[in-house]
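1. Pasted the sequence and its predicted model underneath.
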Amino acid sequence: MKIIIDTKENCAKLAAKQYAELLNRKPDCILGLATGSTPEELYKELIALNKAGEISFKQVSSYNLDEYVGLTGEHPQSYRYFMDDKLFNHVDINKDNTHVPCGIDMTDEKAAEYDKEIEKAGGIDLQLLGVGNNGHIAFNEPGTPLDSVTHVVKLTQSTLEANKRFFASIDEVPTEAVCMGIKTIMNARKIILMAYGKNKAEAMAKAIKGKIDLNVPASILQLHPDCTIYMDAEAASQL
Ligand code: GLP
């Protein structure tokens, strides 16, 4: 793991450079994208680079990590809506090449097809991740097996609590999601994980310094050959 500790603004700029390098070297690359508040700064940087003509998404395909079960793409808290709003609507990507798991009528069997689609497309070149307060990646909650592929998950109370800030009340937070499995994520050729704030400090200390433990899903990234972690001083405060 390569670890970079800097301000949120600098982390976003440095990570954006990694994207620029990839997009210019491989214009038809496959990006694994993430939602949550963490990647927002990075997406702003990517939009700025695109508008400045320094990068193009014209040939890029993307696969998002996860989606809430029960929300259509029109729902403002759906992850499809987030991606359109925070990135896709502002860059030259072909929306037909952007993929977010479908949260409607989803079953584990249908979800696993997402892995096959990714594989058929050539595999993910660069996977972006945030981290949950409990160390989850995507919505892979503690205990998710290493060999898991895209599947339907039941969200833990801790995740419902953390995500209720986006909804009118905790009762409106969907209790299930469909998300890439640990294996899907680990298959990516490169991974970037970003973490900001003291709420992430304990999870990040366990993920980086602790033993590899299924109960801290982010710790499994220690096994990945090309993973860069960008974090601010608060997220790094327990390292
Ligand atoms: C959700 C998402 C994760 C994200 C996490 C942290 O659980 N499924 O992909 O990493 O939230 O969100 P935030 O970046 O807002 O702290």
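-> That came through, no problem.

2. In CSV, list the C-alpha atoms belonging to the helix-or-strand element of the chain with minimal mean pLDDT.
-> Taking all helices and strands of the chain together, the one with the lowest average confidence (mean pLDDT, DSSP states H and E) is helix 157-163, at a mean of 91. This file holds the C-alpha atoms of helix 157-163, laid out as CSV (Å, rounded to 0.1, in the frame of the first residue of the first chain):
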residue,chain,number,x,y,z
GLN,A,157,-27.2,-0.3,11.8
SER,A,158,-23.9,1.6,11.8
THR,A,159,-24.1,2.2,8.1
LEU,A,160,-27.8,3.2,8.3
GLU,A,161,-26.8,5.7,11.0
ALA,A,162,-23.9,7.1,9.0
ASN,A,163,-26.0,7.5,5.9
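
3. Run through who's touching that helix.
-> Applying CB atoms under 8 Å, 6 or more residues apart in numbering, the set of residues contacting helix 157-163 from outside is 132-134, 136, 139, 141, 155, 170, 173, 175, 199. Bear in mind the C-beta positions are built from the backbone N, C-alpha and C, glycine included.

4. Listing partners with orientation, what would you give for the helix or strand just after that helix?
-> Going down the chain from helix 157-163, the next helix or strand is strand 176-179, by DSSP states H and E. When sheet partners are counted by DSSP bridges, strand 176-179 sits next to strand 66-68 (antiparallel), strand 151-154 (antiparallel).

5. Let's have the ones you listed in CSV, adding distance to the ligand, mean neighbour count and mean pLDDT.
-> Below are those laid out as CSV (distance: least, CB to the nearest ligand atom, whole Å; neighbours: other CB atoms under 10 Å; pLDDT from 0 to 100):
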stretch, distance to the ligand, mean neighbour count, mean pLDDT
strand 66-68, 5, 24, 97
strand 151-154, 10, 19, 96
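
6. Looking at those, which is nearest to G32?
-> G32 lies closest, by CB to CB, to one member of those: strand 66-68, at 10.8 Å.
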